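Chemist: structure for the following, please:
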Amino acid sequence: MNNINKNFAVNEEIREREIRVIADDGEALGVIATKEALRIAEEKELDLVMISPGAKPPVCKIMDYGKYIYEQSKKDKEAKKKQKVINLKEIRVSPKIEEHDVLIKSNNARKFLEEGDKVKITVRFRGREAEYSHVGRKILDNFYSRLEDLCVIEKAAKLEGRNMIMILAPKKA
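Modeler: Model prediction:
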C-alpha cells in the first residue's frame, strides 16, 4: 500500500568519506567530507539524506526528512483518491435464454458499463449443448448489438471449455 522509499541513508547512517552535497534551498555545495556535511545539517537543524547512493561520489541533500516523508505520504493518498478502480462484472446466460431475459440482462450490463466497469458475458453449455456453439455466438452478438453505443469488445467471443466468453469494456469518452 505505502510505496514511499524510506530506505534512504540518513545522518550517521551515511558511511561514505566524501559526498556531493545539495543545500536545503537547492544550491550545490560541492564535494565535501561527510563529517563537514553533517555539521552543516546540524547547524541548520535539518537532516543529511543520501538521495543518490549509486553516483560517484554519492549525492546527499540537506532537508527535513520527517517533513519530506509526510509530504510524500500526502501525495500518495491524493493520487490514490483520484484513481478509478475498474471492476469486472460477470453476466451468465444459457444457450436456451429467452429474448425478454436477454433484454433484462443487457440492461444490467448497460448499468455496469455506465458506471465504468467491464462486463464479462458467459454462455454456459451443459451436456450436448456444447455442440451448438454457434447458438452461443448468436446470443453474444445479440448482447453486443444492444450495447454497442456505449462499449467496445475487449475480448471477442471465444469458446473456453464448456463456456463461451466475451468481455466488453466501456468506450473512452
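Chemist: if I look at Ile69, how far off is Val119?
Modeler: 41 Å (Cβ to Cβ, to the nearest Å). From N, CA and C alone the C-beta is placed, and that goes for glycine too.
Chemist: wait, Met63
Modeler: 48 Å.
Chemist: which of the two has more neighbours?
Modeler: Using other Cβ atoms under 10 Å, the more surrounded residue of Met63 and Val119 is Val119, with 26 against 19.
Chemist: go ahead and confirm that one touches Lys111.
Modeler: No. Assessed by Cβ atoms under 8 Å, Val119 is found out of contact with Lys111, at 9.6 Å.
Chemist: domain ranges for the chain?
Modeler: 7-80, 86-168 (the TED database).
Chemist: mean pLDDT lowest where, among the ones you listed?
Modeler: Lowest mean pLDDT within those: domain 7-80, a mean of 87.
Chemist: mind checking the longest helix of this structure?
Modeler: Looking across the chain with DSSP state H, the single longest helix is helix 65-82.
Chemist: any buried residues in the next helix or strand after that one, and which?
Modeler: Next in sequence after helix 65-82, counting helices and strands by DSSP states H and E, comes strand 88-93. Burial within strand 88-93, assessed by neighbour count using 16 or more other Cβ atoms under 10 Å, is assigned to Lys89, Ile91, Val93.
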